[in-house]
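Colleague: quick one, fold the following:
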Amino acid sequence: MRRPALIALAVIAVGVIGYYGFNYLTYGQYIEETDDAYVKADTAAIAARVNGYVAKVNVADNQQVAAGDVLVTIDNADFQAKVDQARAVTAAKQAVLDSIAAKLSLEQKLIEAAQAKLDAAIADQKRASADLARARDLRASGSGSKQAYDQALADSRKADAAVDSATAALAAEREQIAVIESTRAQSQADVDAAKAAETLAAIDLEHTLIRAPFAGVVGAKTVQDGQYVRAGAQLMAVVKLPDIYVLANFKETQAGEMRRGQSATISVDAFPDLELHGVIDSFSPATGSEFSLLPPENATGNFTKIVQRLPVKVRVTGDASVLALLRPGMSVTVAVDTRSEGDGSASVLAPSPRPVEAAKR
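Modeller: Here you go, the predicted structure:
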C-alpha cells in the first residue's frame, strides 16, 4: 500500500511542477507585477485670488460639482465700488479726449480760415504790385502825380505786410495742430490706462466668485462663512472623479520590456473580488528618486547600488459605475502582460506623443 501512495504522490508532484512550469513558460515569465501602485486622479487646489471676507461657501465636503460651479463667494462690495470708480475715471478721461478731438476739428477750420486770409492777402498783394507798377510808369512819363505814386507804394507795402502777417498766422495755426496732436496722444494714453485699470477692477470683481476648474468632488475644505481669506490661501481641493488612473512604480529591471498600449490587470486592496483592466499610458521621464526633495548623490565614496523604481501611468478601463468606487490613494497591485508590442516600438525610453499628434492618429 505504501508503494502505490508514493507513486501517486510522485505523479501529483510531477503534475504540479509540470503545470506551474508550463504556466511560467507560456504566461508567467511575461508578466511584470508590482504592489507599489496607487490610484491617482488630477487634483486642483482651490485658492482665493483676492483678499476679502467670505460671503458664502456654496459647497459641502465630498460634494459633486460641475465645471464652472461657484464654490465660494467673497463679499464684493469694495470690488464693485472700485469698478464704478474706474468707470467714472475712464468716462472723465474720455471726455477730455473728446474735447481735444473737438479742438482739433476747430483748429482745422481755423487753418482753413487762415489759408483763405493768406490767399486774399496774396491777391491784394498782386493788385497793389500792379497798381504800383502803373503809377511808376505814369510818373516816369510825366503823366502821373507824385501823390498817386506814393499812395500806390504805400498800398503795395501794406499788401506785403498783410501777406507776411497771414503767412505767420497760418504757420502758427499749423503749429497749434502739432500741440493739440501731442495733447491728444497724452489724453489717449490716459484713457487707455483708465480702461486697463477698469479691466483690472472688473477682473478682481469676477475673482470674488471662486469657481470649480473642472467637474469633480470637493475635498479638504477649510473655509467657512465670514472667514477672512488672503490671495493664495488654499480653501479646498477639487478631485477630478471619476477620471482616475493608476501610477505603478516598477523596478527598473522590470521596465525594459514594457511598451505603451500593453494590457494590465489591476487588483484593488479595498475590493479583493474586483479585477480591473487597463493599458499602459505613459512612462515617467525619470525614476522616482530624481524627483525627491533630496536626490541621491552617487558621486561619493559610500555609493550603494539600489534598484530604482520607474513610475508607469496605467489608464484604467471599464464600466464607469465600477471606476466610481475607486478613490485616489487606494493601494492596488498591477500586473503587465509584456507579450504584446503595445502601440508599436515605443519603449520605456521613448517620450509620450504630443496631444496633437496623438489626436491625428
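
Colleague: can you pull out the helices in the stretch 101-250 of the chain?
Modeller: Per DSSP state H, counting those that start in this stretch, the stretch 101-250 of the chain carries helices over the ranges 146-206.

Colleague: could you point out where it is predicted with low confidence?
Modeller: Applying pLDDT under 70 to the stretch 101-250 of the chain flags the ranges 142, 144.

Colleague: one more time with 90
Modeller: Filtered on pLDDT under 90, the stretch 101-250 of the chain yields the residue ranges 101-188, 241-242.

Colleague: surely residue 304 is within a strand?
Modeller: No: counting by DSSP: H, G, I helix; E, B strand; the rest coil, residue 304 is not part of a strand but coil.

Colleague: strands along the stretch 1-150 of the chain, start to end?
Modeller: For the stretch 1-150 of the chain, strands defined by DSSP state E, counting those that start in this stretch occupy the ranges 31-47, 52-57, 64-65, 70-74.

Colleague: so how many other residues sit close to the closest residue to residue 86 other than its chain neighbours?
Modeller: The shortest distance from residue 86 to any non-neighbouring residue, by Cβ to Cβ, 6 or more residues apart in numbering, is to residue 198 (3.8 Å). Bear in mind the C-beta positions are built from the backbone N, C-alpha and C, glycine included. Neighbours of residue 198 under the rule other Cβ atoms under 10 Å: 20.

Colleague: can you tell me how far residue 198 sits from residue 171?
Modeller: 41 Å (Cβ to Cβ, to the nearest Å).

Colleague: give me the neighbour count for residue 294.
Modeller: 6.

Colleague: residue contacts, residue 153?
Modeller: By Cβ atoms under 8 Å, 6 or more residues apart in numbering, the contact set of residue 153 is 132, 135.

Colleague: against residue 201, how distant is the residue lying closest to residue 318 once chain neighbours are set aside?
Modeller: Nearest residue to residue 318, sequence neighbours excluded (Cβ to Cβ, 6+ apart): residue 276, at 5.6 Å. Using Cβ to Cβ, residue 276 is found at 50 Å from residue 201.

Colleague: leaving out chain neighbours, which residue sits closest to the residue nearest to the spatial centre of the chain?
Modeller: Nearest residue to the geometric centre of the chain (Cα atoms, centre = their mean): residue 213, 13.1 Å. Distance criterion Cβ to Cβ, 6+ apart; nearest residue to residue 213, sequence neighbours excluded, is residue 44 at 5.0 Å.
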